[in-house]
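Trainee: My questions are about this predicted structure, shown below with the sequence.
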Amino acid sequence: MAAHAGSPPGPGMSRQWRQSRQSWPRLDPDTAEYFRRALETLEEGLSEEELALFTPNVLSEVSQHLPAVALDPGGSRLLLLLLPQTPPTTLPTLLLHLGGVPRHPRGSRVLEAALGRVLGVLGEGRGVGEDLEGALGGLVRLFLEQDLGGLARDPNGSFVLRALLAVLGGGRDEVPPPKGAEPKTKKAELKAKGAWSLPEGAELPPSFRPLLEELAQELEQQIPALLSPACASLCLQGALGALRRSQSPSCARFCRALIGCLRQPDPAHQQSALLTSLQDPARSRLLEAAMTVLDPPGLRELFRGHLRGHLRGVASHPVANHGLQRLLDHAPEDVVSEVLSELGPALEEPLARGHPGVVLALLGAALRHPRLQGEALRWLFQALRCWAPPHHPHCVTALAKLRPLEGGASEEGAVLEPSPAGSRALQLLLRFRCSSPAPCPAHNAPGHAPSDTLNGTDHAPNVPDHAHTAPNHAHCNALNGSGHAPSATGPAPLPGPAPISRALGALSGAALVALARSGPGSRLCDVILGSKPARKWLLKRLKGQWLGLARDRFGSRVLDTAWANGNPRQRVRLATELAPHVPALLRDPFGRGVVRNFSLELFRRDRPQWERLQRGAGPKGRGFIL
């Protein structure tokens, strides 16, 4: 849970904040001491039986001292710990009593946590749906009677308002962890995923959408005042997401009102107001949220009215490039085609500035629109300087780093070390199905290799003179997988365009092992193992290396994917290679999981029984635990 602020948001609201603080109810010293001791008892640890007796007794005292107990330092912490065990019948009462303190630093925490339980209780069907509907309706009316804009601008009230919008919309959008955050355990991920989502098969009460639309209508009228500070802007984003999830007709109107406010002309700037907003860290998030809900005509109007002709600057801007990525994530085919035509010749610029997300968004858009795959592949190969057929064997080296080839080639036998962005690009490209040759650039006459156009200057790839005599259509056919250029290794049974599949197929066994041992590389191996002929090829190339991979953090993931997608015969081969090394695997933290999931001890003890169980698990089984 994000941290709530404990101080007023600004000098203009300090007087109002002090007045409201003086009017907040407080516990008498004896009652505060009771809840402090109850908190200490709970934190010391209780058995299940003790907790079953402790919770009702404390909650009965809590109900007599609401909302003051939620504002007390010890009482608020006690409530936060007891909320997961709180009976659903007490939840409506708790919501109604806390509706008057959404701006309190501690009261807002408890109210937000209580709102987080609503969707789970509704999905369980505990018979309190009508009471919860009434409580949420009362909460909405209370907020509407007060200053809803002031609540959105308050650092603490903003959390409560966003939580209420998420509940009325049926869930909260998943927010990726910040860069550098430690990976969560599997149980923590499952718990976080289900905390703010409606259980599968459950439906929202019919009254939730009208309540959501009332809140959204009031926010829509105050959009100009809610563009800042950041907490108010987040409320607008929350309203957009909730309207989209609930499939409300008001979503389009709210979205267009937001965009209309952001594109109002600003005398201080000569360029389009929408471009200025796209470069602003706070307003760009609003535009990105709007792009996720705009219909195709709206996205087309947004692009052609404000972004067309400015894509090179947008793609190279440290903030605006994220808005371009969101546009490509949802744009129709004609808009993506125009983006490719304008940005394709200068695709090297965002890569040089460290914005690989633009390239990934283009590849993702081309994956959705197969007719654009050949053109997207051509521009990418030109940007990475591996367009000419002599450079095709080294294209994977450039793609793995999303960095142009230095000197036009790479060292023979070099270990492939993909970056996270490069791995993602290769994963997308392996899913390409280019069915027709990409048209060659009009400015390149037959007999000349295509050039990289950057800032109006043509940079011809550094290729031998004899390479320039190859027809351009042969280049296109090779890039689209429809032609087969001479290769010493022959065509590899890998998916994707022919140059990429041949380059991956030419990797040595040591390079494949190094690829499987790296985090980004293991993700690429997962995609390869998803294809039946490619899986057979990779299993053969990694034969004899599975013991080392089983004892590696990322290599064990690749082994697990190979096992999950493999047929019984392939599993027998894997088990035969690993079974003699069970003692060594049991001494390794990752190897122990392999022994358990693959039942290698049963394989050594009773192979016929193991094979019978494997046939029963099916080709997609993940093994079994005995």
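Mentor: Ah, there it is.
Trainee: Please parse the chain into its domains.
Mentor: Using automatic domain parsing, the domain ranges for the chain come out as 11-173+191-262, 263-368, 371-441+469-542, 567-626.
Trainee: Mind checking those for the one nearest to Thr561?
Mentor: domain 371-441+469-542 (4.9 Å; C-beta to C-beta). For every residue, glycine as well, the C-beta is placed using N, CA and C.
Trainee: one step back: which one of the domains of the chain has the poorest average confidence?
Mentor: Of all these, mean pLDDT reaches its minimum on domain 371-441+469-542 (a mean of 77).
Trainee: and that one, how far apart are its ends?
Mentor: Domain 371-441+469-542 has an end-to-end distance of 35 Å (C-alpha to C-alpha, to the nearest Å).
Trainee: give the contact list for Val314.
Mentor: The neighbours of Val314, taking C-beta atoms under 8 Å, 6 or more residues apart in numbering as the test, are 275, 278, 307, 320-321, 323-324.
Trainee: which element is it on?
Mentor: For Val314, the element it lies in under DSSP states H and E is helix 311-316.
Trainee: from the middle of its chain, how far away would that helix be?
Mentor: 23 Å (C-alpha atoms, centre = their mean, to the nearest Å).
Trainee: Could you pull out the buried residues of that helix?
Mentor: By neighbour count on 16 or more other C-beta atoms under 10 Å, the buried set for helix 311-316 is 311-312, 314-316.
Trainee: What is the helix or strand containing Ala242 packed up against?
Mentor: Using DSSP H and E, the element containing Ala242 is helix 230-245. Contacts defined by 3 or more C-beta pairs under 8 Å, 6 or more residues apart in numbering; DSSP states H and E place helix 230-245 against helix 148-153, helix 155-169, helix 208-221, helix 250-262, helix 281-291.
Trainee: one step back: taking the contacts of Val314, please make a PyMOL selection of just the buried ones.
Mentor: Here is the PyMOL command that selects the buried residues among the contacts of Val314 (16+ other C-beta under 10 Å):
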select buried, resi 275+278+307+320+321+323+324
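Trainee: how about CSV for the contacts of Val314, with distance to Ala113 and secondary structure added?
Mentor: Below are the contacts of Val314 laid out as CSV (distance: C-beta to C-beta, whole Å; DSSP: H, G, I helix; E, B strand; the rest coil):
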residue, distance to Ala113, secondary structure
Leu275, 41, helix
Leu278, 36, helix
Leu307, 41, helix
Ala320, 37, helix
Asn321, 36, helix
Gly323, 33, helix
Leu324, 37, helix
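Trainee: Mind picking the one among the contacts of Val314 that's closest to Pro67?
Mentor: Nearest member of those to Pro67, counting by C-beta to C-beta, is Gly323, at 41.5 Å.
Trainee: so how far is Leu219 from the closest one?
Mentor: The gap separating Gly323 from Leu219 is 22 Å, by C-beta to C-beta, to the nearest Å.
Trainee: Look up phi and psi at Gly171.
Mentor: Note on Gly171: backbone dihedrals following degrees, to the nearest 10 are phi 160, psi 170.
Trainee: ok, the closest residue to it other than its chain neighbours - how many residues close by?
Mentor: Of all residues not flanking Gly171 in the chain, Ser197 sits nearest, at 4.3 Å (C-beta to C-beta, 6 or more residues apart in numbering). Ser197 has 18 neighbours, counted by other C-beta atoms under 10 Å.
Trainee: how near is Ser197 to Gly116?
Mentor: 10 Å.
Trainee: now Asn567
Mentor: 44 Å.
Trainee: what do you get for Leu39?
Mentor: 20 Å.
Trainee: Neighbour count: those two, which is higher?
Mentor: Ranked by neighbour count (other C-beta under 10 Å), Leu39 and Gly116 place Leu39 first, with 22 against 18.
Trainee: Which helix or strand contains the more buried one?
Mentor: Going by DSSP H and E, Leu39 is in helix 29-44.
Trainee: Can you check which of the domains of the chain gets nearest to Leu559?
Mentor: Nearest to Leu559, of all the domains of the chain, is domain 567-626, at 6.4 Å by C-beta to C-beta.
Trainee: The closest residue to Ala366 other than its chain neighbours in helix, strand or coil?
Mentor: Leaving aside its chain neighbours, Ala366 sits nearest to Ala376 (3.9 Å; criterion: C-beta to C-beta, 6+ apart). Here Ala376 is helix, with the state taken from DSSP: H, G, I helix; E, B strand; the rest coil.
Trainee: Any idea how many residues pack against Ala376?
Mentor: 28.
Trainee: and it, what is it in contact with?
Mentor: 340, 344, 362-363, 365-366.
Trainee: Next, the buried residues of stretch 579-590.
Mentor: 579, 581-582, 585, 588, 590.
Trainee: where exactly do the helices run in the stretch 451-600 of the chain?
Mentor: 472-479, 498-505, 509-517, 519-529, 532-541, 546-550, 553-565, 568-578, 582-586, 589-598, 600-605 (DSSP state H, counting those that start in this stretch).
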